[in-house]
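> Have a look at this fold, sequence not included:
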């Protein structure tokens, strides 16, 4: 097997609203919009995002909201500049930029359908 791509499929109430968020704040572009799904991609190593209307998801694949939210996490470079850009844009930052004790800078923002996007930048240990 040779994996040549990857995508996270997210069931959301309003795919167009989430697509607008990912395109506007995170630099994705729409690759395909068809049959209630929107496929988003970037030109770097980011995993693609496929947004599907939750009404179109088979009932066997639905989960009650109490089982947790989806979190999409990206390891990035230049997180401080990204944080400032997102703040200037008025992006919905739900966890401000902070240094975690385990050695990463982290921030989170949440899209209009409650999908949490986490951006992290790892800091190498001293002497590495």
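Yep, it's here. As the structure is a prediction and not an experimental result, all values here were calculated from the model.

> Where does the prediction get shaky in this protein?
The chain contains residues with pLDDT under 70 at 2-3, 55-69, 125-128.

> Show me where it has its helices.
Along the chain, counting by DSSP state H, helices occupy 15-26, 79-89.

> Distance to residue 34 and mean neighbour count added to those helices, as JSON lines?
Glycine gets a C-beta too; all of them are placed from N, C-alpha and C. Shown next, in JSON lines, are these (distance: least, CB to CB, whole Å; neighbours: other CB atoms under 10 Å):
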{"stretch": "helix 15-26", "distance to residue 34": "11", "mean neighbour count": "18"}
{"stretch": "helix 79-89", "distance to residue 34": "29", "mean neighbour count": "14"}
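
> Now render the ones you listed as a markdown table, adding distance to residue 118.
Shown next, in a markdown table, are the helices of the chain (distance: least, CB to CB, whole Å):
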| stretch | distance to residue 118 |
| --- | --- |
| helix 15-26 | 11 |
| helix 79-89 | 11 |
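
> closest one to residue 35 among the ones you listed?
Closest of these to residue 35 is helix 15-26, at 10.9 Å (criterion: CB to CB).

> Just want the angle from that closest one to helix 79-89.
Interaxial angle, helix 15-26 versus helix 79-89 (axes from the mean of the first three to the mean of the last three CA atoms, to 10 degrees): 120 degrees.
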